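Visitor: Return atomic coordinates for the entry below.
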Amino acid sequence: MAEGREAWITGIGILSCLGEGPEIHWQRLMEGKPGAGAKAIGPYVVHPIGPVDFDKQIPKRGDQRQMEPWQRIGTYAAGLALESAGIKGNRELLARTDMIVAAGSGERDLAVDATILEGLPKAENPAAFLNERLMNDLRPTLFLAQLSNLLAGNISIVHGVTGSSRTFMGEEAAGVDAVRIALARIHAGQSELALVGGSHNGERKDLLAQYDFGGFMLKGGYRPVWERGPEGGFASASLGAFLIIEERAHAERRGAKPLARLVAAFSDRCERKPGGVRQSLRGLWEKIAPSIASGHYAVFSGASGAEPATGEERAFLAELGVAVRAPGSYVGHGPEPQFVMNLALATLALGHGALYPPCERTGVERNMEGKLTQVVVTGVGHWRGEGLALIEAART
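Guide: Numbers count the residues shown, from 1 in each chain. The predicted structure is shown next:
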């Protein structure tokens with residue numbers, strides 16, 4: 001790490017079933033009604049996006065029309081983050097703002113899918129029919145699903161972010177690595193200002209079915225993350241989350257105030273055999289432990305509710321004996337942006353010096369004594385990938 005370089009979080013842009021922006025999110029968390037935003041799509045529990053006027057961050061209707069919901073959600077959240085950090089519209093700063101996005105493969109064209117499924121059994125030459133339909137019916141931006149880097153492209157077009165751009169795929173691990181790489185670049189002196197985050201449309205029926213094929217979906221009514229038991233699953237979420245992560249001296253030169261300090265971020269990918277997640281988290285914890293001040297920290301868990309990963313993380317957290325919160329009980333689970341969303345919510349808690357109330361009955365979440373000064377954020381993928389980040393109250 002270059003001597004004296006620190007990474008500050010100077011902007012937050014979040015959009016979920018709870019609403020938009022930090023204030024409404026903290027208010028809703030303090031109300032302690034985790035199931036208020038949940039609804040059912042078929043047998044699945046989902047957390048839909050709250051009411052939002054996309055015109056406020058994406059003023060051109062033409063831009064909105066060519067975006068699918070996941071892109072609109074992400075572009076909107078990115079605009080909120082830029083606005084929060086005080087750099088929206090500043091061309092000189094935006095030209096030097098690096099962008100690191102965590103995104104899935106985007107949305108499918110269900111009408112084309114339906115046409116192919118209907119026509120394929122009747123075709124004389126099924127292979128030729130399939131090739132012809134894919135070549136002629138899909139838009140140029142689709143390769144069965146949309147290109148993952150379309151979100152970064154639209155953020156650049158709408159908001160003028162024109163620094164370097166990276167898009168990571170890989171569900172929850174993509175969000176962890178987006179944060180990890182941003183921090184590493186700032187520490188190494190390769191970046192001064194970064195827009196980091198992603199988005200997810202959790203109401204896509206094709207995606208709900210895909211996750212259900214793997215046995216990952218929550219069905220049969222809403223329950224908080226820790227109460228879903230051995231047959232648990234995740235409640236798919238529509239959400240967008242972006243942070244402005246900035247080198248301290250750069251922020252100070254432009255008069256920006258820190259919301260929190262990003263101290264460390266690590267990732268891992270264990271074999272998902274029994275005990276693998278616990279072992280991975282122990283290894284990650286050893287790396288982060290020297291920076292933790294005992295008695296003044298809590299854990300914001302990215303547990304999804306899907307098993308066996310959630311059960312193993314719960315067992316690991318029990319070993320720590322620390323106050324825990326699982327924001328997924330409130331905002332649901334959007335694989336790619338979830339880690340950044342939880343970092344944002346943890347930053348809000350640091351700003352208030354306290355946790356929001358526990359919201360489940362199993363005893364995993366409990367009250368905390370004293371002022372909150374640090375938060376460890378976990379990100380355990382429903383299928384693959386683990387990560388930890390440490391943030392703390394900024395010292396100016």
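Visitor: Could you verify that residue 36 is part of a strand?
Guide: No: assessed with DSSP: H, G, I helix; E, B strand; the rest coil, residue 36 is coil; it does not lie in a strand.
Visitor: All the strands of the stretch 51-200 of the chain, in order from the start?
Guide: 98-102, 142-143, 145-146, 165-168, 193-200 (DSSP state E, counting those that start in this stretch).
Visitor: now the fourth one, how far from the centre of its chain.
Guide: It refers to strand 165-168. Chain-centre distance of strand 165-168: 14 Å, with CA atoms, centre = their mean, to the nearest Å.
Visitor: Starting from that strand, tell me which strands it pairs with and how they run.
Guide: Sheet pairing for strand 165-168, assigned by DSSP bridges, gives strand 98-102 (parallel).
Visitor: related to what we said a few turns ago, redo the strands of the stretch 51-200 of the chain as TSV? Include mean neighbour count.
Guide: Any C-beta I mention is one placed from the backbone N, CA and C, and that applies to glycine too. Formatted as TSV, these follow (neighbours: other CB atoms under 10 Å):
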stretch	mean neighbour count
strand 98-102	28
strand 142-143	16
strand 145-146	20
strand 165-168	18
strand 193-200	30
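Visitor: Save the ones you listed as a markdown table, and put in mean pLDDT and distance to residue 128 too.
Guide: Shown next, in a markdown table, are these (pLDDT from 0 to 100; distance: least, CB to CB, whole Å):
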| stretch | mean pLDDT | distance to residue 128 |
| --- | --- | --- |
| strand 98-102 | 98 | 37 |
| strand 142-143 | 62 | 19 |
| strand 145-146 | 64 | 23 |
| strand 165-168 | 96 | 34 |
| strand 193-200 | 98 | 36 |
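Visitor: out of the ones you listed, nearest to residue 210?
Guide: Among the strands of the stretch 51-200 of the chain, the nearest to residue 210 by CB to CB is strand 145-146 (10.6 Å).
Visitor: Tabulate the strands of the stretch 51-200 of the chain (JSON lines), appending distance to residue 153.
Guide: Converted to JSON lines, the strands of the stretch 51-200 of the chain look like this (distance: least, CB to CB, whole Å):
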{"stretch": "strand 98-102", "distance to residue 153": "10"}
{"stretch": "strand 142-143", "distance to residue 153": "14"}
{"stretch": "strand 145-146", "distance to residue 153": "11"}
{"stretch": "strand 165-168", "distance to residue 153": "8"}
{"stretch": "strand 193-200", "distance to residue 153": "13"}
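Visitor: and stretch 275-291, what's its mean pLDDT?
Guide: In this model, stretch 275-291 has a mean pLDDT of 96.
Visitor: How far away from the center of its chain is it?
Guide: Taking the mean of its C-alpha atoms, stretch 275-291 sits 21 Å from the chain's own mean (CA atoms, centre = their mean).
Visitor: List phi and psi for the nearest residue to residue 374 once chain neighbours are set aside.
Guide: Take residue 374 and drop its neighbours on the chain: the residue closest to it by CB to CB, 6 or more residues apart in numbering is residue 297, 3.9 Å away. In terms of degrees, to the nearest 10, the main-chain angles of residue 297 are phi -130, psi 160.
Visitor: Next, the contact list for residue 297, please.
Guide: Contacts for residue 297 (CB atoms under 8 Å, 6 or more residues apart in numbering) come out as 322, 372, 373, 374, 375, 376.
Visitor: now, which of the residues you listed sits nearest residue 172?
Guide: Taking CB to CB as the measure, residue 172 sits nearest to residue 376 out of the contacts of residue 297, at 16.1 Å.
Visitor: Pull the distance from stretch 326-340 to the chain's centre.
Guide: 6 Å.
Visitor: brain fart, stretch 245-263
Guide: On CA atoms, centre = their mean, the centre of stretch 245-263 falls 22 Å from that of its chain.
Visitor: Can you show me the CA trace of it as PDB?
Guide: The C-alpha coordinates for stretch 245-263 follow below in PDB (Å, rounded to 0.1, in the frame of the first residue of the first chain):
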ATOM      1  CA  ILE A 245     -14.900   5.200  -2.700                       C
ATOM      2  CA  GLU A 246     -12.300   7.900  -2.600                       C
ATOM      3  CA  GLU A 247      -8.700   8.400  -1.600                       C
ATOM      4  CA  ARG A 248      -8.600  10.500   1.500                       C
ATOM      5  CA  ALA A 249      -6.300  13.300   0.300                       C
ATOM      6  CA  HIS A 250      -8.300  13.600  -2.900                       C
ATOM      7  CA  ALA A 251     -11.500  14.000  -0.800                       C
ATOM      8  CA  GLU A 252      -9.900  16.500   1.500                       C
ATOM      9  CA  ARG A 253      -8.700  18.600  -1.400                       C
ATOM     10  CA  ARG A 254     -12.300  19.000  -2.700                       C
ATOM     11  CA  GLY A 255     -13.800  19.400   0.700                       C
ATOM     12  CA  ALA A 256     -15.700  16.100   0.700                       C
ATOM     13  CA  LYS A 257     -16.700  14.700   4.100                       C
ATOM     14  CA  PRO A 258     -16.200  11.000   4.900                       C
ATOM     15  CA  LEU A 259     -19.200   8.800   5.700                       C
ATOM     16  CA  ALA A 260     -16.900   5.900   6.700                       C
ATOM     17  CA  ARG A 261     -13.500   4.600   6.100                       C
ATOM     18  CA  LEU A 262     -13.100   1.400   4.100                       C
ATOM     19  CA  VAL A 263     -10.200  -0.500   5.900                       C
END
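Visitor: Thanks again, I'm all set now.
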